[in-house]
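K.L.:
Take this sequence and fold it.
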Amino acid sequence: MEKQTIAVLGPGSWGTALSQVLNDNGHEVRIWGNIPEQINEINTHHTNKHYFKDIVLDKNISAYTDLAEALKDVDAILFVVPTKVTRLVAQQVAQTLNHKVVIMHASKGLEPDSHKRLSTILEEEIPEHLRSEIVVVSGPSHAEETIVRDLTLITAASTNLQTAQYAQKLFSNHYFRLYTNTDVIGVETAGALKNIIAVGAGALHGLGFGDNAKAAIIARGLAEITRLGVALGASPLTYSGLSGVGDLIVTGTSIHSRNWRAGDALGRGESLADIEVNMGMVIEGISTTRAAYELAQELGVYMPITQAIYQVIYQGINIRDAINDIMNNEFKAENEWS
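P.N.:
The predicted structure follows:
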């Protein structure tokens, strides 16, 4: 693949790790962010210590606070900003961009209030003459492992297969491999909704439950996020892939997962306010729980785990009572898709 110029919007942990992947592949990488001290640190010291204490980035990775400068003559733009500001940043890009580019995003969540997927927001805010079909880059990936070049396999999803293949070639190398998919709804909803189940898995650990409970919440959590995804138009098969069960395993079982850690702290009795302050990073599973709960109510989709987590976070219900309610729900058959 010829050398590409890529603007990475969002210098968080995942944006930084993906920037390194792209740089390793010989592309020109420009990170954009709105905190001058952080941008200066990347340019001067080649570090991003808020997220990675011991990592030194390649000096060829440049960082910008000026969006116009970051977007000048780029081939592609990768959005890796928090869900709640995706629309705002997309509006800024639309006002600044003056040529057609490939638009990708690697964030996971649903927009608060509207419950819209992030590709929908990007389609709404960036005019067609300035962009490709959106590519969703999603799957089982801890930034802490990708940044040290640990093996990582994820998905590039787009309604246009050639655009997905562009992202596949752009990112793939000896430690980072992408598979293509055309089920954008499935890949995006899986990536967003698994964060909710990860909060629940962490909470069970914090309460002292063991591996049986962990397996149960992952398996039944997958069943209910598949249920909602299919109601939105996704293929159930997508949830058995990297962006579905793969991402759920890595997020629902690891201390690297901020959603799992937030749930673990909730299970140990910490308040949500304290957890969010101590984390120092966005916990997408918290806001996504509300969006998914409201969406499930609207569509009439049965999501008992999501409902229980919503009740604990937003209604103050005792977490053990919420678990007890799930265990005493009406009996169900397991296989819904045969």
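
K.L.:
Confirm for me that residue 122 is in contact with residue 105.
P.N.:
Yes. Contact between residue 122 and residue 105 holds when scored by CB atoms under 8 Å: they sit 6.4 Å apart. From N, CA and C alone the C-beta is placed, and that goes for glycine too.

K.L.:
averaged over its residues, what pLDDT does stretch 48-66 have?
P.N.:
For stretch 48-66, the per-residue pLDDT values average out at 97.

K.L.:
hmm, back to that, what touches both of residue 122 and residue 105?
P.N.:
By the contact definition CB atoms under 8 Å, 6 or more residues apart in numbering, residue 122 and residue 105 are jointly contacted by 79, 86, 134.

K.L.:
What's opposite the first one in the beta bridge?
P.N.:
Beta-bridge pairing of residue 79, defined through DSSP bridges, involves residue 9, residue 105.

K.L.:
and the gap between it and residue 128?
P.N.:
In this structure, residue 79 and residue 128 are separated by 17 Å, where distance is defined by CB to CB, to the nearest Å.

K.L.:
Give me the more crowded residue out of the two.
P.N.:
Set residue 79 next to residue 128 and count neighbours by other CB atoms under 10 Å: residue 79 wins out with 26 against 9.

K.L.:
Check the more buried one and give its pLDDT.
P.N.:
Per-residue confidence at residue 79 stands at 98 (pLDDT).

K.L.:
Same check on the one 10 residues further on?
P.N.:
Predicted confidence (pLDDT) at residue 89: the value is 98.

K.L.:
OK, contacts around it?
P.N.:
Each residue near residue 89 by CB under 8 Å, 6+ apart is listed here: 9, 10, 79, 81.

K.L.:
Now the last one: closest residue in space that isn't a chain neighbour?
P.N.:
If I follow you right, that is residue 81. Using CB to CB, 6 or more residues apart in numbering and skipping the chain neighbours, the partner closest in space to residue 81 is residue 10 (4.0 Å).

K.L.:
what separates the one you found from residue 256, distance-wise?
P.N.:
Here the distance between residue 10 and residue 256 works out to 19 Å (CB to CB).

K.L.:
isn't residue 255 right up against residue 261?
P.N.:
Yes. Residue 255 lies in contact with residue 261 (CB under 8 Å); the separation is 6.4 Å.

K.L.:
quick one: which of those two has more around it?
P.N.:
The neighbour comparison of residue 255 against residue 261 (other CB under 10 Å) goes to residue 261, with 22 against 12.

K.L.:
and the more buried one, what element?
P.N.:
When elements are defined using DSSP states H and E, residue 261 is found to belong to helix 258-267.

K.L.:
Give the rounded mean pLDDT of whatever helix or strand comes next after that helix.
P.N.:
Taking DSSP H and E as the definition, the helix or strand that follows helix 258-267 towards the C-terminus is helix 272-279. For helix 272-279, the per-residue pLDDT values average out at 87.

K.L.:
And the contacts of helix 272-279?
P.N.:
Here helix 272-279 makes contact (CB under 8 Å, 6+ apart) with 258, 261, 262, 265, 266, 283, 286, 313.

K.L.:
tell me how far the ends of stretch 96-110 are from each other?
P.N.:
Stretch 96-110 has an end-to-end distance of 25 Å (CA to CA, to the nearest Å).

K.L.:
how distant is that stretch from the center of its chain?
P.N.:
When distances are taken as CA atoms, centre = their mean, to the nearest Å, stretch 96-110 is centred 14 Å away from the chain's centroid.

K.L.:
mind listing what's buried in that stretch?
P.N.:
Within stretch 96-110, the residues that count as buried by 16 or more other CB atoms under 10 Å are 97, 101, 102, 103, 104, 105, 106, 107, 108, 109, 110.

K.L.:
swap in stretch 40-58?
P.N.:
Neighbour-count burial for stretch 40-58, with 16+ other CB under 10 Å as criterion, is recorded at 41, 42, 47, 48, 50, 51, 52, 55, 57.

K.L.:
Over to stretch 323-335?
P.N.:
residue 323.

K.L.:
In space, not sequence, find me the middle residue of the chain.
P.N.:
residue 108 (2.5 Å; CA atoms, centre = their mean).

K.L.:
For the protein, which helix or strand comes out least confident on mean pLDDT?
P.N.:
Among the helical and strand segments of the chain, the one scoring lowest on mean pLDDT, DSSP states H and E is helix 272-279, with a mean of 87.

K.L.:
For the helix or strand just after that helix, what is the distance to the chain centroid?
P.N.:
Proceeding C-terminally, helix 272-279 gives way to helix 284-299 as the next helix or strand, assigned by DSSP H and E. Per CA atoms, centre = their mean, the displacement of helix 284-299 from the mean C-alpha position of its chain is 15 Å.

K.L.:
picking up where we left off before, could you flag which of the contacts of helix 272-279 are buried?
P.N.:
258, 261, 262, 265, 266, 283, 286, 313.
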